[in-house]
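Peer 1: task: produce atomic coordinates for the following.
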Amino acid sequence: MLKHLLAATLAATFALHANAESYTLELGQAHINRDLPSASGLNYRNGFFYAVGDDAQWLFELDKNFYITDKQLIKEYPIDPVTGRINKKVKPDFEALAQFRQGKQTWSLTLGSGSKSNREVGFLLSSDRISKHERSLTSLYTQLKTAAGIAELNIEGVALGNGKAYIFNRGNGGGNLIFAVKQHELIEYMFNKLETFSKVDTFKVTLPVVANFEAGLSGGDFWAKNNSLVYTASVEATGDSYNDGQILGSFIGVIPLEKLKDGVVLNLTPTSVPLLDQGGRVVITKAESLAIISSEEDEIKGAIASDNDDGTSEFFYFELEKND
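Peer 2: Okay, the predicted model is just below:
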């Protein structure tokens, strides 16, 4: 009885948001990858997807059907021989993934969540596989916490664009926040050429509440033609940044950069679009990240990566179009 009541409550809540948004979402069928554990970060480049998992030691290359075509070792960690996953107590918790060009190289940037001290680590990997840089994120994360006046972080995403690096913090670790630093300073920091950032901007956002749990930011990408951030957010029945909870659903949304203002709490509830199937039913998936494949001023096409806490990964193609 309680299960059916919860299902009805979720359906009503998500239906309300479906009617309130300013974008229309078309979500494709789920693609399950059982060989890629816990997808948490996603990029797209030259016809391939690149993904990290929060308990995997690889940067994965995926084809258009989300099958693994190659993988690059980030760093060796103790692996459970049964599951093939990094033990939760020691995992770096790679949650954020972005890419940038420098010289002739494309670099992949991945960041740990910072929810524990062993998760304050990041890596740069060159596309030619010749160079790799490991960097402690303790100094960066200390500066983020100081700027926001919080004691904990749970970093879930990073997006590069407009000369800035936008770092997404999930609500169960200090609140739903977006930090902004200069992109070139973050890159210099990762190459160990800089320690202190000249400025850290902090923007607080609020997201839809489902069954008394607020959605949490989980990933993002930069939509250059719209000068906007595109984010994913998911709802879990848990109040902390370490333990997983029951998955209640996910959202996608757009934040025009001009909406990010100092001292203003940005309410994203009215414009967060729920992930629903073709029949209008809630898709019970924990969206962790997204990658834009192509874009126009009023429409993007891309893919969403989900980690459903069972050791597998789930991917969806999507189209997001601005309503007239």
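
Peer 1: CA atoms of stretch 202-215 as PDB?
Peer 2: Written as PDB, here are the backbone C-alpha positions of stretch 202-215 (Å, rounded to 0.1, in the frame of the first residue of the first chain):
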ATOM      1  CA  THR A 202      29.300  31.300  -5.200                       C
ATOM      2  CA  PHE A 203      25.700  31.000  -6.400                       C
ATOM      3  CA  LYS A 204      23.000  29.200  -4.400                       C
ATOM      4  CA  VAL A 205      20.200  27.500  -6.200                       C
ATOM      5  CA  THR A 206      17.100  25.600  -5.100                       C
ATOM      6  CA  LEU A 207      15.600  22.600  -6.900                       C
ATOM      7  CA  PRO A 208      12.300  20.700  -6.800                       C
ATOM      8  CA  VAL A 209      11.300  18.800  -3.700                       C
ATOM      9  CA  VAL A 210      10.000  15.200  -4.100                       C
ATOM     10  CA  ALA A 211       8.600  13.300  -1.100                       C
ATOM     11  CA  ASN A 212      10.300  15.900   1.200                       C
ATOM     12  CA  PHE A 213      13.700  15.500  -0.400                       C
ATOM     13  CA  GLU A 214      15.200  18.300  -2.500                       C
ATOM     14  CA  ALA A 215      16.800  17.300  -5.800                       C
END
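
Peer 1: list the buried ones in that stretch?
Peer 2: 202, 203, 204, 205, 206, 207, 208, 210, 213, 214, 215 (16 or more other CB atoms under 10 Å). Glycine gets a C-beta too; all of them are placed from N, C-alpha and C.

Peer 1: would you check which pair of these lies furthest apart?
Peer 2: Largest separation among those by CB to CB: 202 and 210, giving 25.2 Å.

Peer 1: how about low-confidence regions in the stretch 101-250 of the chain?
Peer 2: The stretch 101-250 of the chain contains residues with pLDDT under 70 at 173, 238-244.

Peer 1: in TSV, list the buried residues of stretch 202-215 along with secondary structure.
Peer 2: Compiled in TSV, the buried residues of stretch 202-215 are given as follows (DSSP: H, G, I helix; E, B strand; the rest coil):
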residue	secondary structure
202	strand
203	strand
204	strand
205	strand
206	strand
207	coil
208	coil
210	strand
213	strand
214	strand
215	coil
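
Peer 1: end to end on stretch 117-130, go ahead and measure it.
Peer 2: End-to-end distance for stretch 117-130: 28 Å, by CA to CA, to the nearest Å.

Peer 1: related to what we said a few turns ago, and which of the buried residues of stretch 202-215 is nearest to residue 42?
Peer 2: residue 215 (18.6 Å).

Peer 1: which residue ranges of the protein form helices?
Peer 2: Remark: helices assigned in the chain by DSSP state H are 2-18, 138-148, 183-190.

Peer 1: next, the angle helix 138-148 makes with the shortest one.
Peer 2: What separates the directions of helix 183-190 and helix 138-148 is an angle of 140 degrees, with axes from the mean of the first three to the mean of the last three CA atoms, to 10 degrees.
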